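In: give the three-dimensional model of this entry:
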Amino acid sequence: MATWLQLGFQDASSPLMEELTYFHDYILIVLVLITVVVFYGLFCLVFIPFTDRFFLENQGLETVWTVVPAVILVFIAFPSLQLLYLIDEINDPCLTVKVVGHQWYWSYEYTDYCSLEFDSYMVPSVDLVSGSPRLLEVDNRMVVPVQNSVRVLVSSSDVLHSWAVPSLGVKMDAVPGRLNQITFLSPRSGIFYGQCSEICGANHSFMPIVIESVPFSFFEGWVSSFVE
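Out: Model prediction:
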């Protein structure tokens with residue numbers, strides 16, 4: 001969960017989010033180097049004027065500043081394509097959950113179990129228990145087994161929504177009439193918070209998402225109690 005005055009990403013809670021964080025740091029280094037070189041060149045042009053023909057009419061220099069950006073793009077493209085493949089890869093999931101966005105709440109359906117579906121509403125501030133995060137807690141959490149691949153099918157019943165949990169590295173648009181899918185795996189037990197990241201209306205900021213990752217034995221007990 002995000003903290004006060006936090007400037008960076010939330011702590012990674014899934015292998016996918018770890019890869020996204022590494023890629024961000026890698027790109028940030030490249031951008032800093034490019035910015036330094038460009039600003040140094042601008043500084044020289046503004047404060048150190050010169051008319052050396054080597055810089056003004058040099059085909060080799062023009063070739064260099066054309067080839068170097070292309071090479072940089074190649075070094076950016078390969079890790080980004082690898083990351084896109086990891087995001088889109090759908091391994092044999094142990095659990096499939098269908099998520100439908102409404103104005104303004106989420107509904108969950110565990111398609112591998114009969115009659116296991118529920119709506120998830122934000123808990124009002126006046127009903128929060130001590131220690132619960134404001135505007136992020138819900139009455140019914142999405143419970144998943146730890147260290148198991150979970151496939152999430154995302155859709156909407158009315159307008160565009162976006163199902164996003166930053167610490168797990170998942171974000172998928174909920175589009176009416178369309179079924180999108182994304183997978184995630186949580187390597188540890190915990191509670192992970194997210195929100196709708198699409199401006200979907202007046203109560204857009206009151207569509208929290210809470211995923212609770214528990215050991216498989218606890219998950220089976222939760223399923224049994226919920227179905228019964």
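In: in the protein, which spans are strands?
Out: Applying DSSP state E to the chain gives strands spanning 95-102, 105-110, 117-120, 142-145, 150-156, 161-165, 170-174, 180-184, 190-196, 208-214.
In: any chance of those in TSV with mean pLDDT, mean neighbour count and distance to Val36 as columns?
Out: Every residue, glycine included, has its C-beta placed from N, CA and C. What follows is those, written out as TSV (pLDDT from 0 to 100; neighbours: other C-beta atoms under 10 Å; distance: least, C-beta to C-beta, whole Å):
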stretch	mean pLDDT	mean neighbour count	distance to Val36
strand 95-102	93	20	43
strand 105-110	94	19	45
strand 117-120	91	15	47
strand 142-145	93	22	44
strand 150-156	93	21	41
strand 161-165	93	24	33
strand 170-174	92	20	31
strand 180-184	90	19	36
strand 190-196	92	20	36
strand 208-214	94	22	39
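In: so which of those strands is nearest Trp65?
Out: Proximity to Trp65 (C-beta to C-beta) singles out strand 170-174 among the strands of the chain, at 35.9 Å.
In: count of neighbours near the residue lying closest to Tyr110 once chain neighbours are set aside?
Out: Leaving aside its sequence neighbours, Tyr110 sits nearest to Leu116 (C-beta to C-beta, 6 or more residues apart in numbering; 4.1 Å). Neighbouring residues of Leu116 were enumerated by other C-beta atoms under 10 Å; the total is 15.
In: my read: Leu116 touches Ser107, true?
Out: No. In this structure, Leu116 is not within contact of Ser107 by C-beta atoms under 8 Å, at 11.9 Å.
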